[in-house]
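Asker: just need the structure, nothing else, for what follows:
(2 chains)
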Amino acid sequence: MSSPQNFDPKAYWSATLKLLITTLAVWFLVSFGAGILFRDALDNIHLGGYPLGFWFAQQGSIFVFVGLIFWYAGRMDKIDREHDVHED
Amino acid sequence: MDLKTLTFIVVGLSFALYIGIAIWARAGTTKEFYVAGGGVHPIVNGMATGADWMSAASFISMAGLIAFLGYGGSVYLMGWTGGYVLLAVLLAPYLRKFGKFTVPQFIGDRYYSQTARIVAVVCLIFISFTYVAGQMRGVGIVFSRFLEVDITTGLIIGMGLVFFYAVLGGMKGITYTQVAQYIVLIFAYTIPAVFISLQIAGNPLPQLGLGGHTGDMYFLEKLNKTVTDLGFAAYTSGNKSMIDVFCITLALMAGTAGLPHVIVRFFTVPKVHDARLSAGWALVFIAILYTAAPAVGAMARYNLHATVNSAVATGGDVFAPEASIQGETRPEWMKRWEKTGLIKWEDKNGDGRIQYYNEKSKDEAFLAKAAAAGWKGNELGSDKKGKFDGTVDRDIMVLANPEIAGLPNWVIALIAAGGIAAALSTAAGLLLVISSSISHDLLKGVFAKNISEKGELLAGRIAAAVAVGIAGYLGYNPPGFVAQVVAFAFGLACASLFPTIVLGIFSKKMNRGGAIAGMLTGLTFTMAYIVYFKRDVLLGMDKVPDSQWLFGISPEGIGVIGMLLNFAISFIVMKMTTPCPDHIQHLVEGIRYPRGAGTAQSH
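Answerer: Have a look, this model is predicted:
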């Protein structure tokens, strides 16, 4: 596999890792954070009939996961293009 | 038209559809057999992945588990969806760029070692067979309960069908059949969910209905009051320790991302970009079921209590003698399902009425009130080998849900077709990774390198046929611990394959010795821990008390510790052994950016 021209693998990889860390931070916060670790505190707040911590654990985290993957895919496309390693 | 005829028609139509698709999508090459030719659109692949992922357990058992665990059931909801985020950012795009057919092939090439490849095949076969046995059992159960044929006939029909399209069509046949199966199963799941949410909360969206009103109270408050009035733990509070909830959730997430039959789906899309998007689409299709499941569970639990005790709905005194339903006038669905043993009534105090409550409550005041009302123990449970068992079988929450809610017969027929679709689609995906790891990794990769394309395709088909046979046998004659060993599959994937693949992508320096030592450590530690604490069910020995759990982590969550050990041992051994060769480090650099990803290659 030969590298594309003018491609700086280090810069590309560090941009990728930065996005990866942001993505996993959100992933962790909505599930392990809001749904488990801080659930008791959040349960004092209500979202309609849902205690908020319970909502994150059974609904909210899943919605965020879905949005998060599409957001990540979009940002990765941008990084790929900026570093000229996108497909086609 | 009676229920049985209707069910035969609906299930029969769905089978005709799957067979038609299988004939249309036959595989002619190994590439079509292993990765569906590599040209599957990301949305189509996402839908197929959704069906592949959602098994008989997701469809039949999960809502029931949540119904009885309440907040504790969240581990399955978060655990079985959050893994897709890990797949999208850590694994799928890079494995797609690497562009080979199987997971052991990646491990073998990346760690320049046949040993590593064989260890990966062993992990894969163990994980996949554990899983597939449960699916075949699910097929048999649905057949026997809804169609009243015996379990063996049901199994043979199911095996024949999977045999037909997995062996004939390979990944290509499986992918397109799974799309059809997804559509069947999602309708079967959401239609009753919409009805039940309308009945209870007046909202057609179950996701909103669960947070909505019933009468003048929020539904969840009403449910909390109902279950605590009857001595159970409040629905929205947990009954597991925080560290255990944390570890089980993480083990299920990392386990999901390390399951070979899920990973291999991302080899079928044309581009790296599509692999990322496909993970998102898969989760969209999964989330439709997974966000409805908590509502189905909670509302079915409420309906069950309200059926048995009329004071639940009116808000009156649950201890009043006339509040408990009379055994004679119990609803038809209860009588029907008593035949299956999933539910059973035993009149302990001889008053002719059914008292359903938590006789093991720790609340003394509650128990005193129950005793004062003349209650002599919980009277609603299930049949375990002819004896009364004080827990209602959780599967009834989905299977009998439409009947409990009084929904029309065609909805019940749809549930049967949906349960079979969920089980068959997962079984087919698992059988394919088993057969490809044998024909491609063991035969072509290690033992018969000169095998021709035609020979390999034939070997793949024979391996798939043998695997169907073994799966059917395991389904017919399940080792008593099928349900228990599901913890194995996730724990092992989490502790063995997941860390090794992640390190193979994110650490250029990780070498052969580190990877093999890490995989074996994760595998043996996790396996030993589960066997030790489940030895009562696995080996028939005395149970080890739960108080001895390491850091209070149950066997379901121990894969997390196995994963940490895998990482630690990998790095320690890497420091002590010969460094990773340069050409492998270049290879790793090459899989980190998308350009130049051709479709998947066999070698």
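Asker: so residue B:376 belongs to a helix, correct?
Answerer: No - going by DSSP: H, G, I helix; E, B strand; the rest coil, the assignment for residue B:376 is coil, not a helix.
Asker: so it is in contact with residue B:347, correct?
Answerer: No - counting by C-beta atoms under 8 Å, residue B:376 does not reach residue B:347; the two are 9.5 Å apart. The way it works is simple: take the backbone N, C-alpha and C, and place the C-beta from them, glycine included.
Asker: count the neighbours of residue B:547 for me.
Answerer: Residue B:547 has 6 neighbouring residues, counting by other C-beta atoms under 10 Å in any protein chain shown.
Asker: leaving out sequence neighbours, find the closest residue to the residue nearest the centre of chain A.
Answerer: The residue lying closest to the centre of chain A (C-alpha atoms, centre = their mean) is residue A:23, at 2.6 Å. Using C-beta to C-beta, 6 or more residues apart in numbering or on different chains and skipping residues adjacent in sequence, the residue nearest residue A:23 is residue A:72, 4.8 Å away.
Asker: burial measure for that neighbour, as a count.
Answerer: Around residue A:72 there are 23 residues (other C-beta under 10 Å).
Asker: so it, which of the three states?
Answerer: Applying three-state DSSP: residue A:72 is helix.
Asker: and if you look at the one 5 residues further on?
Answerer: At residue A:77, secondary structure determined by three-state DSSP is helix.
Asker: cool, residue B:541 as well?
Answerer: coil.
Asker: shouldn't it be in contact with residue B:535?
Answerer: Yes - counting by C-beta under 8 Å, residue B:535 is a contact partner of residue B:541 at 4.5 Å.
Asker: tell me which of these two has more neighbours.
Answerer: residue B:535 (14 against 11).
Asker: report pLDDT for the residue nearest to residue A:23.
Answerer: Residue A:72 carries a pLDDT value of 95.
Asker: what segments of the chain are strands?
Answerer: In the absence of a named chain, chain A is used. A:46-47, A:50-51 (DSSP state E).
Asker: sorry, I should have been clearer: chain B.
Answerer: B:213-214, B:217-218, B:344-345, B:380-384, B:387-389.
Asker: what is the burial count for the residue nearest to residue B:149 when sequence neighbours are not counted?
Answerer: Leaving out its chain neighbours, the residue that sits closest to residue B:149 by C-beta to C-beta, 6+ apart is residue B:143, at 5.6 Å. Look at residue B:143: counted by other C-beta under 10 Å, it has 24 neighbours.
Asker: thinking again about what came up before, so which of the strands of chain A is nearest residue B:473?
Answerer: strand A:50-51 (45.5 Å; C-beta to C-beta).
Asker: skipping adjacent residues, who's closest to residue B:32 in space?
Answerer: Residue B:32 sits nearest to residue B:172 (C-beta to C-beta, 6+ apart), 4.6 Å away.
Asker: give me the contact list for stretch B:383-392.
Answerer: B:68, B:304, B:338, B:341-344, B:346, B:359, B:377-378, B:380-382 (C-beta atoms under 8 Å, 6 or more residues apart in numbering or on different chains).
Asker: swap the cut-off to 10 Å and go again
Answerer: The contact list for stretch B:383-392 (C-beta atoms under 10 Å, 6 or more residues apart in numbering or on different chains) reads B:64, B:67-68, B:301, B:304, B:337-346, B:348, B:356, B:358-360, B:377-382, B:393.
Asker: which of those come close to chain A?
Answerer: Applying C-beta under 10 Å from any C-beta of the partner chain, the subset of these adjacent to chain A is empty.
Asker: of these, grab the buried ones for ChimeraX.
Answerer: To isolate the buried members of those in ChimeraX, using 16 or more other C-beta atoms under 10 Å in any protein chain shown:
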select /B:64,67,68,301,304,337,340,342,343,344,345,346,356,358,359,378,379,380,381,382,393
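Asker: ok and the residue in chain A nearest chain B?
Answerer: residue A:49 (3.1 Å; C-beta to the nearest C-beta).
Asker: count the residues that sit near the closest residue to that residue other than its chain neighbours.
Answerer: The shortest distance from residue A:49 to any non-neighbouring residue, by C-beta to C-beta, 6+ apart, is to residue B:218 (3.1 Å). Residue B:218 sits with 20 neighbouring residues when counted by other C-beta under 10 Å.
Asker: and for residue B:26?
Answerer: For residue B:26, the tally of surrounding residues (other C-beta under 10 Å) stands at 14.
Asker: please give me every residue in contact with the residue in the stretch 401-550 of chain B positioned nearest to chain A.
Answerer: Distance from chain A to each residue of the stretch 401-550 of chain B (C-beta to the nearest C-beta) is smallest for residue B:506, at 8.5 Å. The neighbourhood of residue B:506, defined by C-beta under 10 Å, 6+ apart, consists of A:13, A:17, A:20, B:90, B:94, B:588, B:592.
Asker: so, low pLDDT: which residues of chain A?
Answerer: Scanning chain A for pLDDT under 70 picks out A:1-5.
Asker: burial count for residue 29?
Answerer: The chain I'm using is chain A. When neighbours are counted by other C-beta under 10 Å, residue A:29 comes out with 16.
Asker: if you could check chain B rather than the one you did, that'd help
Answerer: So residue B:29, with other C-beta under 10 Å, has 14 neighbours.
Asker: touching, it and residue B:454? I think so.
Answerer: Yes - here residue B:29 lies in contact with residue B:454, judged by C-beta atoms under 10 Å, at a distance of 9.5 Å.
Asker: name the nearest residue to residue 15, ignoring sequence neighbours.
Answerer: Picked chain A for this. Using C-beta to C-beta, 6+ apart, the closest residue to residue A:15 is residue A:79 (5.0 Å).
Asker: oops, I was thinking of chain B
Answerer: Counting by C-beta to C-beta, 6+ apart, the residue nearest residue B:15 is residue B:161, at 6.3 Å.
Asker: and the closest residue to residue B:334 other than its chain neighbours, its phi and psi?
Answerer: Here the nearest residue to residue B:334 in space, its sequence neighbours aside, is residue B:343; by C-beta to C-beta, 6+ apart that works out to 6.2 Å. The phi and psi values for residue B:343, taken as degrees, to the nearest 10, are phi -140, psi 140.
Asker: so what's residue B:343 up against?
Answerer: When contacts are counted by C-beta under 10 Å, 6+ apart, residue B:343 touches B:304, B:330, B:333-337, B:380-383, B:392-393, B:396, B:400.
Asker: just to revisit the earlier point, check contacts around the residue nearest to residue A:15.
Answerer: A:11-12, A:15-16, A:18-19, A:85-86, B:593-594.
Asker: in the stretch 201-350 of chain B, which residue sits closest to chain A?
Answerer: residue B:218 (3.1 Å).
Asker: domain map for chain B?
Answerer: Chain B breaks down into these domains under automatic domain parsing: B:3-301+B:407-480, B:304-401.
Asker: just the pLDDT at the closest residue to residue B:578 other than its chain neighbours, thanks.
Answerer: In space, and not counting its chain neighbours, residue B:578 is closest to residue B:511: 6.8 Å by C-beta to C-beta, 6+ apart. In this model, residue B:511 is scored at 92, pLDDT.
Asker: go ahead and confirm residue B:511 touches residue B:111.
Answerer: Yes - Residue B:511 is in contact with residue B:111 according to C-beta under 10 Å; the separation is 7.2 Å.
Asker: these two: which is more packed in?
Answerer: residue B:111 (26 against 23).
Asker: show me what contacts the more buried one?
Answerer: Per C-beta under 10 Å, 6+ apart, neighbours of residue B:111: B:117, B:119-120, B:500, B:503-504, B:510-516, B:519, B:580, B:584.
Asker: one more: residue B:347?
Answerer: So residue B:347 contacts B:327, B:353-355, B:376, B:379 (C-beta under 10 Å, 6+ apart).
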